[in-house]
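J.: A structural model of the following input is requested.
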Amino acid sequence: MRKIVSIIFIISVLNSCKAPSRTQLILKEMQKEKTFFDPVELGSGGSNGNFLVKAYFDDCGEWGGHYEEMKLYAFHKEKNIFLSYKKTNVDCNRQESESTYSQDTIVSKTIKLSKSNEKAIVRFLTELTNLKITSRFPGHSGNQFEIMKSDSTFYIKLYDGRKTSLKNYTKLLENLNLNQ
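T.: Numbers count the residues shown, from 1 in each chain. Purely as a prediction, here's the structure:
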C-alpha cells in the first residue's frame, strides 16, 4: 500500500513540474496586461475569432462609394495581433447594377500591431461610440462606420455626415501608417 501511495505521489509531483503550455503562458500574460484585444478571442486559442472595422464612404453620393476594412486576428498559439487592411476604389461612372458601382481593390496589406497601434484602435472605438450616442440620421448621404467582434458580443454602426467621424477614421489610418 505504501508503494502505491509513493508511486502516486511521485507521479503527481512529476506532472506538476511540467512546463506550462504556450496557451497557458499567453493567458497568464494577458491577465497581467488587461487589454481590449484578447489574442485568445482573436484566434490564438484555436477559434476563428476576429474583430472588424469597416468603413463605407459616400463618394458617389447617396449611392455609396469606396469601402475599407480592417480585420484584427491572431494566429493559433500566438500572442501577437495582426491587422489586414483592404481599401477599394470606386468608379461612380461605372454601375454594375442599379445601386452598385464597380469596386477595385487598390490596397491590401497586413501589419503586426504594436501596443501603440492597439491603443489607437481603442481610441477610435471610444470616439466612434461617443459619436454614436449623439448621432442623427443624415438623410440620403453620409459615411458609415462599423465595428464588430465576430462572436457578435460587440457591434456599433454609425451612419452620419459629420466631419468628426471621418476625421477620427483618418487619424486612425495615420496612426496605423495605412493612409495613402
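J.: Note down every partner strand of the longest strand anywhere in the chain and its orientation.
T.: In the chain, with assignment by DSSP state E, the single longest strand is strand 82-97. According to DSSP bridges, strand 82-97 has the following sheet partners: strand 67-73 (antiparallel), strand 100-112 (antiparallel).
J.: what's the model's confidence in the last one, averaged?
T.: Right, strand 100-112. Strand 100-112 shows an average pLDDT of 87 in the prediction.
J.: Just checking the distance from the longest strand of the chain to the centre of its chain.
T.: Remark: strand 82-97 is offset 19 Å from the chain centroid, using C-alpha atoms, centre = their mean, to the nearest Å.
J.: quick one: buried residues of that strand?
T.: Judged by neighbour count (16 or more other C-beta atoms under 10 Å), strand 82-97 contains these buried residues: 82-83, 85-88, 90. In this view, the C-beta of every residue, glycine as well, is placed from N, C-alpha and C.
J.: same question, stretch 67-86
T.: For stretch 67-86, by 16+ other C-beta under 10 Å, it's 67-74, 77-79, 81-83, 85-86.
J.: circling back: between the strands paired with strand 82-97, which one is nearest to residue 127?
T.: strand 67-73 (15.3 Å; C-beta to C-beta).
J.: Serialize the strands paired with strand 82-97 to JSON lines and add fields for distance to residue 124.
T.: Converted to JSON lines, these look like this (distance: least, C-beta to C-beta, whole Å):
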{"stretch": "strand 67-73", "distance to residue 124": "10"}
{"stretch": "strand 100-112", "distance to residue 124": "15"}
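J.: which helices and strands sit right next to the longest helix seen in the chain?
T.: Longest helix in the chain, counting residues (DSSP state H): helix 115-133. In terms of contacts (3 or more C-beta pairs under 8 Å, 6 or more residues apart in numbering; DSSP states H and E), helix 115-133 is packed against strand 143-149, strand 155-160, helix 163-175.
J.: got the contact list for the longest strand of the chain?
T.: 59-60, 63-75, 101-113, 117, 176, 178, 180 (C-beta atoms under 8 Å, 6 or more residues apart in numbering).
J.: re earlier: pull out the buried positions in the longest helix of the chain.
T.: Quick answer for helix 115-133 (16+ other C-beta under 10 Å): 117-118, 120-121, 124-125, 127-128, 131-132.
J.: before we move on, the earlier item: can I get the CA coordinates of the longest strand of the chain in CSV?
T.: Output of strand 82-97 as CSV, limited to C-alpha atoms (Å, rounded to 0.1, in the frame of the first residue of the first chain):
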residue,chain,number,x,y,z
PHE,A,82,-2.3,41.3,-36.8
LEU,A,83,-4.4,43.6,-38.9
SER,A,84,-5.3,43.0,-42.5
TYR,A,85,-6.3,46.2,-44.3
LYS,A,86,-8.2,46.4,-47.6
LYS,A,87,-9.2,49.5,-49.5
THR,A,88,-11.2,49.8,-52.7
ASN,A,89,-11.6,52.4,-55.3
VAL,A,90,-14.9,53.2,-56.8
ASP,A,91,-15.8,54.4,-60.3
CYS,A,92,-19.0,56.4,-59.9
ASN,A,93,-19.5,56.3,-63.7
ARG,A,94,-19.4,52.5,-64.0
GLN,A,95,-22.5,50.9,-62.4
GLU,A,96,-22.7,47.1,-62.0
SER,A,97,-26.4,47.3,-61.1
